[in-house]
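Asks: below is the sequence, then the predicted model.
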Amino acid sequence: MAPNSADNHVKMQSENKTEAADGSLGAIPKQSKPASPPSSPQKSENNSSTNATPNKSKKRRRTRSRNPSLSPSPGRGFVVPGFTSGEGQNAKMTVAELMDASKGITNMALAHEIAVDKDFQLTKLEPANPMETTIKEIMQRAFWDVLSEELESDPPVYKQAMQLFREVKALLISVLLPQHGKLKEKIEETLDLDLIQQQIDAGTLEFEKYAGYILGVMGMLCAPVRDEKIAELKSTSQIVPLFKGILDTLELMKIDMANFTIQQARPLIVSKSVEYEKKKFQEFLDTVDDGLISTREWLVRHAPTQEEIDDPKYKKLLGARVLNEAFVEILEWDDYYHLPETLTMDAKRIVSLRDQVERTSVSTATILVSFSLINQFVVPQDSQKLKEKLKQNIDILLQDFFEDSDLLKLLPNVGLQVVKDVNDYLATKSRPALTKEISDALCQQIEGLEDPNQRIRDIVQKRIIEFNKQIISGGFKQGMQVPPGLTLCQQDLAAIAGQFVRLVNYNKQVFGEHYDQIIQNHCLYRPPPSPNTTAISPAVKA
């Protein structure tokens with residue numbers, strides 16, 4: 001697969017010969033890749049970041065993301081770096097300044113989501129907390145109770161009914177498309193509120209007649225998934241449940257129509273979104289003194305050494321390597337750092353990718369650790385099927401894994417589940433269950449995976465990261481191959497790679513110019529020698 005083909009399926013050929021029969025990782029083979037300078041954590045003095053950095057020799061235990069930079073909303077923590085007062089000191093923005101800075105960001109975020117997420121859909125907005133839910137339910141129940149009481153009174157009162165007709169008419173018109181001009185005129189004519197009021201005054205209002213017309217229009221406009229609900233409403237005779245169902249269904253149809261419109265317009269949005277985001281981001285940069293502080297620090301962390309900069313054979317490759325290594329970092333993003341401003345729109349997507357990488361690493365490591373102990377009890381032909389069964393249950397138990405401390409509670413249950421699954425398998429083969437000693441040893445090793453530096457977990461995660469790095473670097477010339485030991489998580493690997501490639505390729509298109517400038521000026525720049533410096537001759541050195 002070409003590195004810039006985000007929507008292609010990830011076709012991978014497993015290298016079973018490099019994976020040991022017991023499910024172990026085996027030796028790490030040398031992978032063919034384009035000539036590039038070796039990665040190095042060391043930086044030249046002129047490229048080093050001024051901020052203190054966490055120790056990279058060992059992974060820190062990951063905690064749940066609470067970094068304010070991970071909020072893409074301009075109203076709730078959108079990163080506004082570099083905004084300073086006249087004296088050059090950091091200052092808070094006024095409301096007017098913040099509104100100017102975030103103008104257009106909301107539309108930019110929506111266009112970005114549509115372009116990057118091919119399955120993007122709008123969903124119904126739910127209350128933010130239980131109190132809001134309760135208040136909403138009480139208000140809605142009060143409305144329908146009042147309507148019911150008014151209609152049952154003698155003579156009937158239609159104050160709430162008029163409000164109901166007004167809302168239904170507005171919702172019905174809202175689901176129309178621009179080409180529905182004649183239908184809109186018909187709705188305006190049929191649901192004429194003045195005419196309805198006259199019928200109320202004359203005592204000739206027929207709810208059923210209007211309900212039938214409304215359901216007929218809804219039946220023409222709704223998606224096939226709503227047909228069953230429409231048919232159910234047509235058989236409803238009571239006024240209040242009928243119109244309550246009509247309002248609820250119209251709300252869903254409104255979202256259906258919006259998603260349909262988005263899908264129809266998506267090719268156009270994607271074709272225009274890159275230039276649109278460039279323009280909007282530049283408008284944001286124009287409102288602040290330095291809007292790329294975190295982006296610059298992010299790239300400088302991956303700057304090459306001075307020795308590599310001086311080597312002419314690496315000159316053309318260093319810039320691409322810096323950028324690719326920086327992107328790979330987001331798969332293991334450490335909340336110690338602020339998220340780069342250029343990745344703010346993808347904050348939730350980055351956290352989700354990181355969580356997928358972590359869960360896949362722990363899940364795969366659990367199976368490898370387990371088979372290192374139980375392989376002798378398993379019939380070779382049954383090995384793959386048992387691994388798949390273990391993975392299915394392990395993945396379910398790890399759904400609540402968001403930080404390493406979660407594993408302290410989850411892994412004991414994972415260990416017990418693995419023991420149970422293995423014993424169930426042995427029972428089908430009329431073999432004795434695992435002894436207490438082996439069961440305890442198995443659980444103990446699985447619980448040890450809580451440490452992110454545990455050898456097997458660390459190796460698995462490094463191979464996942466390296467696999468994704470090879471993809472965005474164009475390192476697979478003969479088709480992608482699953483790294484040794486990772487055939488168990490092939491589907492997870494494909495899902496991670498697909499999302500990661502789409503994110504990286506799109507981000508490069510939008511912000512590539514900013515990255516090139518930062519890399520050239522802050523990562524690869526070598527200051528010229530001072531004019532006062534005099535070269536020392538070899539004779540003097542001697």
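Replies: Okay, I see it. Residues are numbered from 1 along each chain as shown.
Asks: please count neighbours and contacts with C-alpha atoms only from this point.
Replies: Noted.
Asks: wait, a strand at D492?
Replies: No: according to DSSP: H, G, I helix; E, B strand; the rest coil, D492 belongs to no strand; its state is helix.
Asks: what's the burial count for S430?
Replies: Neighbourhood size, S430 [other CA atoms under 10 Å]: 9.
Asks: quick check: phi and psi at the most centrally placed residue in the chain.
Replies: In the chain, the residue lying closest to the centroid (CA atoms, centre = their mean) is R349, at 2.3 Å. Main-chain torsions, R349, degrees, to the nearest 10: phi -70, psi -40.
Asks: need the pLDDT of the nearest residue to F207 once chain neighbours are set aside.
Replies: Nearest non-adjacent residue to F207, counting by CA to CA, 6 or more residues apart in numbering: I239, 7.3 Å away. pLDDT for I239: 84.
Asks: about what we covered before: give me the distance between the residue nearest to the centre of the chain and Q356.
Replies: Distance from R349 to Q356, counting by CA to CA, to the nearest Å: 10 Å.
Asks: again, but for I456
Replies: To Q356, I456 is 17 Å away according to CA to CA.
Asks: which stretches of the stretch 401-542 of the chain form strands?
Replies: 480-482 (DSSP state E, counting those that start in this stretch).
Asks: in it, where is pLDDT below threshold?
Replies: 475-479, 526-542 (pLDDT under 70).
Asks: can you map out the helices along it?
Replies: Using DSSP state H, counting those that start in this stretch, the helices of the stretch 401-542 of the chain run over 406-428, 436-447, 455-473, 490-518, 538-541.
Asks: SS state for K124?
Replies: coil.
Asks: quick check on it: phi, psi?
Replies: phi -70, psi 130.
Asks: separation between it and L252?
Replies: 8 Å.
Asks: which one's more surrounded, the two?
Replies: L252 (17 against 9).
Asks: element containing that one, please.
Replies: Here L252, judged by DSSP states H and E, is contained in helix 239-285.
Asks: quick one: that helix to helix 490-518, angle?
Replies: Angle, helix 239-285 to helix 490-518, by axes from the mean of the first three to the mean of the last three CA atoms, to 10 degrees: 40 degrees.
Asks: just checking, next helix/strand downstream of helix 239-285?
Replies: Using DSSP H and E, the helix or strand that follows helix 239-285 towards the C-terminus is helix 293-300.
Asks: what mean pLDDT does that following helix have?
Replies: Confidence for helix 293-300, expressed as mean pLDDT, is 93.
Asks: distance between that helix and the chain's centre?
Replies: Relative to the mean C-alpha coordinate of its chain, helix 293-300 is positioned 22 Å out (CA atoms, centre = their mean, to the nearest Å).
Asks: next, count neighbours for D458.
Replies: Applying other CA under 10 Å, we find 17 other residues in the vicinity of D458.
Asks: buried residues, stretch 157-174. List them.
Replies: Neighbour-count burial for stretch 157-174, counted by 16 or more other CA atoms under 10 Å, picks out 157-158, 160-162, 164-165, 168-169, 171-174.
Asks: cross those against strands and list the overlap.
Replies: Applying DSSP state E to the buried residues of stretch 157-174, no entry is found in strands.
Asks: quick one: contacts of stretch 149-156?
Replies: Stretch 149-156 is contacted from outside by 157-160, using CA atoms under 8 Å, 6 or more residues apart in numbering.
Asks: typed the wrong thing, it's stretch 241-251
Replies: Under the contact criterion CA under 8 Å, 6+ apart, stretch 241-251 has outside partners 144, 168, 171-172, 175, 211, 215, 218, 226, 229, 233, 236.
Asks: run the last query once more with 7 Å
Replies: 168, 171-172, 233, 236 (CA atoms under 7 Å, 6 or more residues apart in numbering).
Asks: gap between that stretch and the chain center?
Replies: Its chain's average C-alpha position is 33 Å from that of stretch 241-251, according to CA atoms, centre = their mean.
Asks: again with stretch 373-382
Replies: The answer for stretch 373-382 is 38 Å, by CA atoms, centre = their mean.
Asks: mind listing what's buried along that stretch?
Replies: Across stretch 373-382, burial judged by 16+ other CA under 10 Å covers 374, 377-378.
Asks: do the same with stretch 378-396
Replies: Neighbour count says stretch 378-396 has 378, 383, 386-387, 390-391, 394-395 buried, by 16+ other CA under 10 Å.
Asks: now these in CSV, with distance to P267?
Replies: Shown next, in CSV, are the buried residues of stretch 378-396 (distance: CA to CA, whole Å):
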residue, distance to P267
V378, 51
S383, 45
L386, 44
K387, 41
L390, 41
K391, 38
I394, 39
D395, 35
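Asks: show me which of those is closest to P304.
Replies: P304 has its nearest neighbour among the buried residues of stretch 378-396 in D395, at 38.4 Å by CA to CA.
Asks: check the gap between that closest one and Q445 for me.
Replies: As judged by CA to CA, D395 and Q445 stand 18 Å apart.
Asks: how about L408?
Replies: Counting by CA to CA - L408 and Q445 are separated by 13 Å.
Asks: for D256, give its distance to E388.
Replies: According to CA to CA, D256 and E388 sit 37 Å apart.
Asks: what mean pLDDT would you report for stretch 247-257?
Replies: 87.
Asks: next, count neighbours for Y336.
Replies: By the criterion of other CA under 10 Å, Y336 has 10 neighbours.
Asks: same thing with D310?
Replies: Neighbour count of D310, defined by other CA under 10 Å: 12.
Asks: E332 now?
Replies: Residues lying near E332 (other CA under 10 Å) number 19.
Asks: list the contacts for it?
Replies: R354.
Asks: any idea of the pLDDT on it?
Replies: At E332, pLDDT is 91.
Asks: same check on E132?
Replies: Looking at E132, its pLDDT is 82.
Asks: try D119
Replies: According to the prediction, D119 has pLDDT 73.
Asks: ok, K315 next?
Replies: We have a pLDDT of 71 for K315.
Asks: leaving out chain neighbours, which residue sits closest to it?
Replies: Distances taken as CA to CA, 6+ apart put I309 closest to K315, at 6.7 Å, once the chain neighbours are dropped.
Asks: ok, that neighbour to Y525 distance?
Replies: 8 Å.
Asks: more crowded one of these two?
Replies: It is I309, of I309 and Y525, that has more neighbours when counted by other CA under 10 Å, with 19 against 14.
Asks: quick one: the more buried one is in a helix?
Replies: Yes: counting by three-state DSSP, I309 is located in a helix.
Asks: go ahead and confirm it touches C523.
Replies: No: look at I309 against C523 with CA atoms under 7 Å: they stay out of range, at 9.2 Å.
Asks: show me what contacts the residue lying closest to V460 once chain neighbours are set aside?
Replies: Residue nearest to V460 in three dimensions, not counting chain neighbours: S361, with 5.7 Å by CA to CA, 6+ apart. S361 is in contact with 457, 460-461, counting by CA under 7 Å, 6+ apart.
Asks: so which of these comes closest to L317?
Replies: The closest of these, once distances to L317 are taken by CA to CA, is Q461, at 25.6 Å.
Asks: what separates the closest one from T236, distance-wise?
Replies: For Q461, the distance to T236 - CA to CA - is 57 Å.
Asks: out of these two, which sits in the more crowded spot?
Replies: Legend: neighbour count by other CA under 10 Å for Q461 and T236, higher for Q461 (23 against 13).
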